[in-house]
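In: Next input, structure requested:
(3 chains)
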Amino acid sequence: MYKYDSYDQQMVDARVEEFRDQARRRLEGKLTEDQFKPLRLMNGLYLQLHAYMLRVAIPYGTLDSRQMHALADIADKYDRGYGHFTTRQNIQYNWIKLEDAADILADLAKVEMHAIQTSGNCIRNISSDHFAGAAADEVVDPRPYAELLRQWSSFHPEFSYLPRKFKIAVIASDTDRAAMRLHDIGIQIVEQDGELGAAFYVGGGMGRTPMIAPCINPFVPLDQLVTYAEACLRVYNRHGRRDNKYKARIKILVHEMGAEEYTRQVEAEFAHLLEQGVEPPFAELERIRTFFEDPLFEADLTDDIDRSDPDFALWVDRNTVAHKADGYVSAVISLKPVGGIPGDATTEQMHLMADLARDYSFDELRVMHTQNIVLPHVRKADLHALWTALEAAGLGSPNLDTVEDIIACPGLDYCSLANARSIPVAQQISERFAANGKTEALGQLKLKISGCINACGHHHAGHIGILGVDKKGVENYQLLLGGSEAEDVSLAKITGPGFDEAGIVDAVETAADVYLRERQDGERFLDTYRRIGMTPFKEALYG
Amino acid sequence: MRILTGNDLKTGAVTWWTGSDWSLHVEDAVDVTGSEDEIARREESARRVNAPYAIDATMDEGSPRPSHIKDRVRAIGPTVRPDLTLKPADPDIGNWVI
Amino acid sequence: MADFVSDTDTLIRYREDEPVDHAAVTVDSFLDQSNASAVRVEPGDDARELIPHLERLALVEVNFPAFGDGRGYSSARLLREAGYEGELRAVGDVLVDQVAYMRRCGFDAFEPDAALNEDDLETALSRWPEVYQPAADSRTPIWAKRHA
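Out: Numbers count the residues shown, from 1 in each chain, chains lettered A, B, ... in the order given. Sure thing, here's the model as predicted:
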């Protein structure tokens, strides 16, 4: 994985000192809260429901054991012994003090980490495929391109006061594991006639106006990648709406201007910028690529797994994913124990996951946008030992991509924007299906819960989505069906009137039962919904 | 009644205006009807509070109870982590919040 | 070194030449008349409309009515990319934590609504030992140094 050189280290260190100075000026009263807010946000520091919250960047979701240990230490030293992994592959801490924030950033800098641009109206941390470098179906590892863009977007002088936040995802396979087309810019590295290039999808997003990004250029040569991104951003910075914060994302610009006109303007800007020398030399991309070469996979490993323990066999079936190297798998550590808080991990669990990565996965971990952790390169022969250690720590839930593997935003328990709580709904749903035993029969069922219309819980992209709303001061939950964040991307539709907290749990089970009744061979929930449509579900829910 | 809340600038902790100072406990909040803007302005400019705002509340068994659920969650802590709330030993606190 | 000019309270210039002695006109007025040499670009103006007339411009003011409106950064940079060498002045709600990026986008003068603290300004402008990307200043990006 990528390692800082002295340049990278100097930049991160300078940022720590800049923020230390800004926080000091805020505490001394030289900065008002209005002036300080964008500065702290660009360092990941929010003022949340109970305290300051710090969001730490995990670039493209990749980290090593030393970094995971450092994240655990921060939870222990500055927070309350846990952290929350997010749908943008980051981690956030809920109980941070402003007077500690610069010290935390300094601790992060010691392990080549930071909180730069994890919030604010700027280019955010760049996300990617959590199986990058391990997946058999990728044309190339997408992370070097994400790293190239990370450096380009860090402290970008022109694009730090954009109309609104800006999220970029980079993938390199036809299977989309990063919700690529629901980003402001989604980039897919593709191969065409033996050449690699970048397909640009611009103007996707969730939030209150969900949109699927159209492709505006199917093949940007890799030695023009940064220049093209710069053109996309400049058109947005100049013409994105600033009169209404709810219409300020690039999806609204692309929608109102039309994808064709937006593309025309980007191409004109691109032609201009090609003359300006903003593109790093190809040697820089080559330099970055050397950090992402395969680890030394062993040859002649056994593919046999002793499946005599049924609990272990179930975990292997549900939580391991095919790897490009023989004898290896990618193993998913579920942060979704039945009745637990999706995405939360304690200090002890983080330390353990770090140790297991060191022992079993070439010292590498990934954060998934589904709020789980991946050990990307595990020998099949080591799976039983790995599982045994995970089980003992409450990390062995065999529920990847099942109805229990719920994405939930922090909701009204933590978030000042939320209208309703998300976590208790997730807890009750996972408990309901664990108790009624339907999880296995339901197979792949992606359930996503947001506590407000901003959609941090990706409810638009759930096979089943839940949106919490405020109905005259009482929590109410709308049910949505038919969304997908994957390569078969679609936006979920609302079934009808909302439900109270108990009612929404029943409603999810009712919808699941319609699927179990109606499904044909091999169909997932989503496939059945697409075939039979909303009506049978509505009849069961409201009839 | 109207009560005034905000966050401590240094720690971020949720605080409530007591008439003379800021407290972590909503029970200490006093009615500020009519003077909320003036107190908020004065206290914020003195940096004794960050981002203050006034909310509606009712008296409930002798202490103020914020009218909106969001402010009740703020007053106590996350409902999903009773161990981290201000009332970890109170089994009925969930009913007060919800 | 900044030249703190005395005739207004807050004007800071990083240029050797004398400041223009008359007020800037709007972009529309400028395009309608031929004698003005100073123009003020508002956030919604298309700075590219000035490009055919750069030779007669000595001062372009870019207004920031609110510090969070970042259109002026693009206006500045594309004027520099077009070869404009006159004064480029950021005016309005310009804060000390923004001046380093503004300098990178080509601004060489600031006239903030509220005076900037001189020490904070010097600290801000000397903050970044390196830069990741080329812009409208003369700084060499990290990638160029890596492959020098």
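In: Check the gap between the residue of chain A found nearest chain C and A:I74 for me.
Out: Scanning chain A for the residue nearest chain C gives A:Y161, at 2.8 Å (criterion: CB to the nearest CB). All C-beta atoms are positioned from the backbone trio N, CA, C, and that covers glycine. Plainly put, A:Y161 is 29 Å away from A:I74 if you go by CB to CB, to the nearest Å.
In: Distance of the residue in chain C that chain A sits nearest to relative to A:Y201?
Out: In chain C, the residue that lies nearest chain A is C:G70 (2.8 Å; CB to the nearest CB). Using CB to CB, we find C:G70 at a distance of 24 Å from A:Y201.
In: Which positions within the longest strand belonging to chain B qualify as buried?
Out: Ranked by number of residues, the top strand in chain B under DSSP state E is strand B:50-60. Residues B:50, B:52, B:54-55, B:57 are the ones in strand B:50-60 that count as buried (16 or more other CB atoms under 10 Å in any protein chain shown).
In: centre of the chain versus it, how much separation?
Out: A distance of 6 Å separates the centroid of the chain from that of strand B:50-60, by CA atoms, centre = their mean, to the nearest Å.
In: Say whether chain C is contacted by the helix or strand where A:C232 lies.
Out: A:C232 belongs to helix A:225-239 when elements are defined using DSSP states H and E. Yes - under the criterion of CB under 8 Å from any CB of the partner chain, chain C is reached by helix A:225-239 at A:234, A:237-238.
In: list the helices and strands the helix or strand just after that helix packs on?
Out: With elements assigned by DSSP H and E, the helix or strand that comes after helix A:225-239 is helix A:250-257. Other elements packing on helix A:250-257 under the criterion 3 or more CB pairs under 8 Å, 6 or more residues apart in numbering or on different chains; DSSP states H and E are helix A:225-239, helix A:259-273.
In: list the helices and strands the longest helix anywhere in chain B packs on?
Out: Identified as the longest helix of chain B according to DSSP state H is helix B:36-45. Using 3+ CB pairs under 8 Å, 6+ apart, the elements in contact with helix B:36-45 are strand B:2-7, strand B:50-60.
In: For these, give me JSON lines that also has mean pLDDT and distance to chain C.
Out: Formatted as JSON lines, these follow (pLDDT from 0 to 100; distance: least, CB to the nearest CB, whole Å):
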{"stretch": "strand B:2-7", "mean pLDDT": "98", "distance to chain C": "22"}
{"stretch": "strand B:50-60", "mean pLDDT": "96", "distance to chain C": "17"}
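In: how about the ones you listed in TSV, adding distance to B:V32?
Out: Below are the helices and strands packed on helix B:36-45 laid out as TSV (distance: least, CB to CB, whole Å):
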stretch	distance to B:V32
strand B:2-7	5
strand B:50-60	6
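In: circling back to that earlier point, so which of the residues of helix A:225-239 next to chain C is the most crowded?
Out: Greatest neighbour count in the residues of helix A:225-239 next to chain C, by other CB atoms under 10 Å in any protein chain shown, goes to A:N237: 25 neighbours.
In: Quick check: it touching C:G72?
Out: No - using CB atoms under 8 Å, A:N237 makes no contact with C:G72, being 9.9 Å away.
In: got any residues that touch both of the two?
Out: Common contacts of A:N237 and C:G72, defined by CB atoms under 8 Å, 6 or more residues apart in numbering or on different chains, are absent altogether.
In: And the residue in chain B positioned nearest to chain C, how far from A:T32?
Out: For chain B and chain C, the shortest gap (CB to the nearest CB) falls at B:S45, measuring 15.9 Å. Note on B:S45: its distance to A:T32, by CB to CB, is 9 Å.
In: which parts of chain C sit against chain A?
Out: Contacts of chain C with chain A, taken as CB under 8 Å from any CB, map to C:43, C:67-71, C:73-75, C:77-78, C:81, C:95, C:97-98, C:100-102, C:104-105, C:117, C:120, C:123, C:127-135, C:141-147.
In: What remains of those if I keep only buried residues?
Out: C:43, C:67-71, C:73-75, C:77-78, C:81, C:95, C:97-98, C:100-102, C:104-105, C:120, C:127-128, C:130-135, C:141-143.
In: Just the ones in helices from those residues, please.
Out: Using DSSP H, these in helices are C:71, C:73-75, C:77-78, C:81, C:100-102, C:104, C:120, C:142-143.
In: So which residues make contact with the helix or strand bottoming out on mean pLDDT in chain B?
Out: Sorting the helices and strands of chain B by mean pLDDT, DSSP states H and E puts helix B:93-97 at the bottom, at a mean of 88. Identification of contacts with helix B:93-97 by CB under 8 Å, 6+ apart yields B:60, B:65, B:69, B:72-73, B:75-76, B:79, B:82, B:85, B:87.
In: Try it again at 10 Å.
Out: Outside helix B:93-97, the residues within contact range by CB atoms under 10 Å, 6 or more residues apart in numbering or on different chains are A:413, A:421, B:26, B:60-61, B:63, B:65-66, B:69, B:71-79, B:82, B:85-87, B:90.
In: Emit the ChimeraX select command for whichever of those residues are buried.
Out: To isolate the buried ones among these in ChimeraX, judged by 16+ other CB under 10 Å, type:
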select /A:413,421 /B:26,65,66,69,71,72,73,74,75,76,77,78,79,82,85,86,87
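In: Filter the contacts of helix B:93-97 down to the ones in strands?
Out: Using DSSP E, B:60, B:63, B:65-66 are the members of the contacts of helix B:93-97 that sit in strands.
In: For the helix holding A:C232, the averaged confidence score.
Out: In this model, helix A:225-239 carries a mean pLDDT of 98.
In: where does chain C have low pLDDT?
Out: Across chain C, the ranges flagged by pLDDT under 70 are C:1-8, C:34.
In: ok and the helix holding A:C232 relative to helix C:71-81, angle-wise?
Out: 120 degrees (axes from the mean of the first three to the mean of the last three CA atoms, to 10 degrees).
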